[in-house]
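Novice: Following is a predicted model, sequence given first.
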Amino acid sequence: MIHSRHYRSVRRLVNRSIAAHRKANPSPCRCTSSTAGGSGDMTIYNSLSSTYQKLNHLPDNTHHTTTTESNPPPPTLGTAWYVCGPTVYDSAHLGHGRTYVSLDILRRVALSLHDGSTTTQPRPIYAMNITDVDDKIIQRSMEINDNNYSTSSNKASLSNPLALARYYEMEFWQDMDSLNVLRPDVVCRVSEHVEQTIVPYIEMILKGGMAYVIPDGDDDDDDDSAQQQRGSVYFDVRAFEHVTEGRTKYGKLAPDVASSDFFSWDDDESNDNASTSNDDSNNNNNEGESPSQLRQKRDSRDFCLWKYRTQSPPSPSSNLATNNTPPMIEPAIVSYSSPWGPGRPGWHVECSAMIQRLSMDFQSTHKFQLHAGGIDLKFPHHSNEIAQAEAFHEAMTIKDDDGQGRRQFEEWIPNWVHTGHLYVKGRKMSKSLKNFVTIREMLGISTNNNDNGGVEMIDSHQNQNSAWSCPSDDFRLWCLGLSGSYRGPATYSKDRMDEARVIRTKWVKFLMEGQQCLDEWKTAENNCHDYYATDDSASHQSTKVWGEDELQLFNQVTQSGMKCREALVGRCTTNTDGSTRGSFDLDGASFVKELTKLADLGLAYVQAASIHKPRPGEPLRFAVETFRRQLDLVGFTSYTVNAGISNTLEHASSSNADLLDEIAAFRSAIRSATLNGIRSKDTMAAAKEVLGLCDELRDDILPSLGIEFVDGKVANGVDSNRAWRRCSPRDRIPKEDE
């Protein structure tokens, strides 16, 4: 029977929990429509519409009721995401890392929502391009060739642009694996799509009258019609606006002035068109064209669809040479056939064409609903992608119906997400400014080049003082909760990373001590010797009765879980005036705050349990398992998620190796001290040194590995058969000579 006093205290706690829940989750007022976590849709900030909105999945055709043999139901389509990948000419830096970690978190949340729903739609898919044909790659390979450089004496030289691209692509994937970023479902290399995908795409835009050819200056053919067909192809913005008759416009993601035909961009000699944020992508529509080509553009907003390959050096009088710098003679390996002569695609057309190809390949299962990348790409790259896609589909309409019955435009891809810049000491992190930190430098990874021309990762956690150190998880925590909104700018510094490490250490401490407590309670239950005791003086080793502390822990964990979900899913509120005030998308700061609050509460419960009689394990197990699920949901590695679980295979091998190394070093030190004492006949000094080494092992070495000795063999309120227990790893104490 429950005592009335205990019942009243429980009842008060329940009432307080209900009141707190109602306060934290008020009913939406009648003047607004609000949806949050329970809807199954994630809220995003759409760069195209400049509003918060739900990332709606496509309609589910489960309730299609007009199915007949001649009228089958339409396919139930899943959503597809497309993310601009890297231009692989150098190592990826932390600007890339922040972009892809942030998008990985969004992707994981979307997958979790899908898997937890009852929809019959296919799982969302995630596609990414790899730009492996580009000015920067060619330039870098030529620099390597000029310096007679290769990765090692018995490897193929990276002066081959495609070999260089493959090398850095492999390094990029390894970096993403180290950051625990999920691999894409589909990868598109530009080099593998040029002739079969990109060239026909450009042809269709030309046939629709929305592109033109600038003849090559060194072509000796006298036939004017042939001359017009050999050269570089440019998108014609004015023709596009004329053909579409005001049903759409150029520059949907551009600043207003940049989309106007009265605007002219200044020449920009730098063109670091890396396909992700924080590379120095140009802010105009020039891609290294010669002055002659720039003069022949019909509009300053026009941009290159096809770059004609210069096949011979220009004559001294040629207007293609400027400042004594002739145009680059590109390697034949990155030159492809086309109706306009040999060459390669312009940067902007790659993604539009490959998305069209993927849309056809997956038309029976998925439809592209979201396009993402760094804020650098918003204009001109993504703006040009949209214009090309709309021109292509308009040209297809003209071809199909001879211009009759022109359709109203629906958005090519309705949702666009952009991640913010990364800054270092007040300046944007970029390769041209030489102020970037590579992902490998941040992780402490060194590499060797193997005999097959690949990259071997040597030591992923070097120079770390704790057995549970994980720089990649610290970086993910920083991206999630300490760098501000993923859409905004962030400043990287060692201090901010140290702050992330401190927070994650607290999380790990809770998981380890909570798991240790659960394991000891379980052992006590299994070894209980008084199952058949009937006298009141029997020393019972377990209980299943929940007290106020247990109910408080359970309710707090439940509330934190709900708040964490809302922080990840966001909230979309539509007010009567049409605004979205009160809306938000991924709120990583609140997520991190809730988990840290939960860790504090859990640690307090564990510490209280260590000085009181055993408590029921279910509330603590619920807290620990909920905590692990939240960490796993947003992509933390097993180093963090499974902290405290002794059979964590990924971590066990490395931590066991560290322990064995320390045991070997301890044995060597003890042996040396003893032998020195024997030789010097100073046994007191030797004994003092040995005891000092034992103290160092107890107080410094083992705690750094997550192990501590327990005095009296009592831990967490129960008798223990062991003289040690697991603990939160602590940093090593620097020695005086370090």
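Specialist: Right, received. Where do you want to start?
Novice: Show me where the stretch 51-200 of the chain has its helices.
Specialist: When secondary structure is read from DSSP state H, counting those that start in this stretch, the stretch 51-200 of the chain shows helices at 94-115, 135-146, 161-178, 199-207.
Novice: which one of those helices lies closest to Glu241?
Specialist: In this view, the helices of the stretch 51-200 of the chain are compared for proximity to Glu241 by C-beta to C-beta, and helix 199-207 is the closest at 14.0 Å. Placement of C-beta: from N, CA and C, glycine included.
Novice: Next SSE downstream of that closest one?
Specialist: Next along the chain after helix 199-207, taking DSSP states H and E as the criterion, comes strand 211-215.
Novice: ok, Arg357 to Gly426 distance?
Specialist: Arg357 sits at a distance of 42 Å from Gly426 (criterion: C-beta to C-beta, to the nearest Å).
Novice: Compare the two (neighbour count), which wins?
Specialist: Arg357 (17 against 7; other C-beta atoms under 10 Å).
Novice: my guess is the more buried one meets Val190, correct?
Specialist: No. The pair formed by Arg357 and Val190 falls short of the contact definition of C-beta atoms under 8 Å, at 11.7 Å.
Novice: Quick check: end-to-end length of stretch 118-129?
Specialist: Using C-alpha to C-alpha, to the nearest Å, the end-to-end distance of stretch 118-129 comes to 31 Å.
Novice: And for that stretch, what's in contact with it?
Specialist: With contacts defined as C-beta atoms under 8 Å, 6 or more residues apart in numbering, stretch 118-129 is touched by 40, 57-58, 60-62, 76-85, 107, 110-111, 114-115, 182, 184-190, 275, 350-351, 354-355, 358, 362, 365-366.
Novice: ok, now which ones touch Pro184?
Specialist: Taking C-beta under 8 Å, 6+ apart, we find Pro184 in contact with 83, 85, 126-128.
Novice: Mind doing that once more with 10 Å?
Specialist: Neighbour list for Pro184: 81-83, 85, 107, 125-130, 173, 176 [criterion: C-beta atoms under 10 Å, 6 or more residues apart in numbering].
Novice: same check, this time on Asp236
Specialist: 205-206, 208-212, 242-243, 297-299, 301-303, 305, 391 are the contacts of Asp236 under C-beta under 10 Å, 6+ apart.
Novice: for Ala500, same thing?
Specialist: With C-beta under 10 Å, 6+ apart as the criterion, the residues that contact Ala500 are 471, 473-483, 592.
Novice: hmm, try it at 6 Å
Specialist: 474, 477-478, 482 (C-beta atoms under 6 Å, 6 or more residues apart in numbering).
Novice: repeat for Arg295
Specialist: Residues in contact with Arg295, defined by C-beta under 6 Å, 6+ apart, are absent; none qualify.
Novice: That one sits in which helix or strand?
Specialist: Here Arg295, judged by DSSP H and E, is contained in helix 291-296.
Novice: Now do the helix or strand following that helix against strand 211-215, angle only.
Specialist: Under the assignment DSSP H and E, the closest C-terminal helix or strand after helix 291-296 is strand 303-308. With axes from the mean of the first three to the mean of the last three C-alpha atoms, to 10 degrees defining the directions, strand 303-308 sits at 40 degrees from strand 211-215.
Novice: Just list what strand 303-308 packs against, helices and strands only.
Specialist: Strand 303-308 is packed against strand 231-235, strand 343-345, with contacts defined by 3 or more C-beta pairs under 6 Å, 6 or more residues apart in numbering; DSSP states H and E.
Novice: Same list (those) but as TSV, adding mean neighbour count.
Specialist: What follows is these, written out as TSV (neighbours: other C-beta atoms under 10 Å):
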stretch	mean neighbour count
strand 231-235	25
strand 343-345	25
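Novice: and of those strands, who's closest to Gln408?
Specialist: Of all the helices and strands packed on strand 303-308, the one in closest proximity to Gln408, counting by C-beta to C-beta, is strand 231-235 (22.2 Å).
Novice: tell me the mean pLDDT for that closest one?
Specialist: Per-residue confidence for strand 231-235 averages out to 96 on the pLDDT scale.
Novice: Show me how far it is from its chain's centre.
Specialist: 35 Å (C-alpha atoms, centre = their mean, to the nearest Å).
Novice: helices and strands around that strand, which ones?
Specialist: Using 3+ C-beta pairs under 6 Å, 6+ apart as the contact test, the elements touching strand 231-235 are strand 211-215, strand 303-308.
Novice: Out of the ones you listed, which one sits most buried?
Specialist: Neighbour counts (mean count of other C-beta atoms under 10 Å) averaged over each of the helices and strands packed on strand 231-235 peak at strand 303-308, with a mean of 26.
Novice: Mind listing the strands that one pairs with, and their directions?
Specialist: In the sheet containing strand 303-308, its partner strands are strand 231-235 (antiparallel), strand 343-345 (antiparallel), by DSSP bridges.
Novice: Please dump those into JSON lines; it should also carry distance to Phe627 for every row.
Specialist: Supplementary listing: those in JSON lines, determined by distance: least, C-beta to C-beta, whole Å:
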{"stretch": "strand 231-235", "distance to Phe627": "52"}
{"stretch": "strand 343-345", "distance to Phe627": "48"}
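Novice: Which among those is found nearest to Arg487?
Specialist: That would be strand 231-235 among the strands paired with strand 303-308, by C-beta to C-beta, at 28.4 Å.
Novice: tilt between that closest one and helix 199-207?
Specialist: Using the same axes, to 10 degrees, strand 231-235 lies at 70 degrees relative to helix 199-207.
Novice: who does the helix or strand that strand 231-235 is followed by touch, helix- and strand-wise?
Specialist: Stepping forward along the backbone from strand 231-235, the first helix or strand reached (DSSP H and E) is helix 237-244. Contacts defined by 3+ C-beta pairs under 6 Å, 6+ apart place helix 237-244 against no helix or strand at all.
Novice: can you list contacts of helix 237-244?
Specialist: Residues outside helix 237-244 that contact it (C-beta under 6 Å, 6+ apart): 209-210, 250, 299, 301-302, 391, 394.
Novice: how about the strand ranked longest in the chain: buried residues?
Specialist: For the chain, the strand that runs over the most residues, judged by DSSP state E, is strand 366-374. By neighbour count, and taking 16 or more other C-beta atoms under 10 Å as the criterion, the buried residues in strand 366-374 are 366, 368-374.
Novice: and the gap between the residue nearest the centre of the chain and Trp546?
Specialist: Against the mean C-alpha coordinate of the chain, by C-alpha atoms, centre = their mean, the closest residue is Val101 at 1.8 Å. When C-beta to C-beta is the yardstick, Val101 and Trp546 sit 39 Å from each other.
Novice: Identify the residues contacting Glu525.
Specialist: If a contact means C-beta under 6 Å, 6+ apart, then Glu525 has Ser542 as its contacts.
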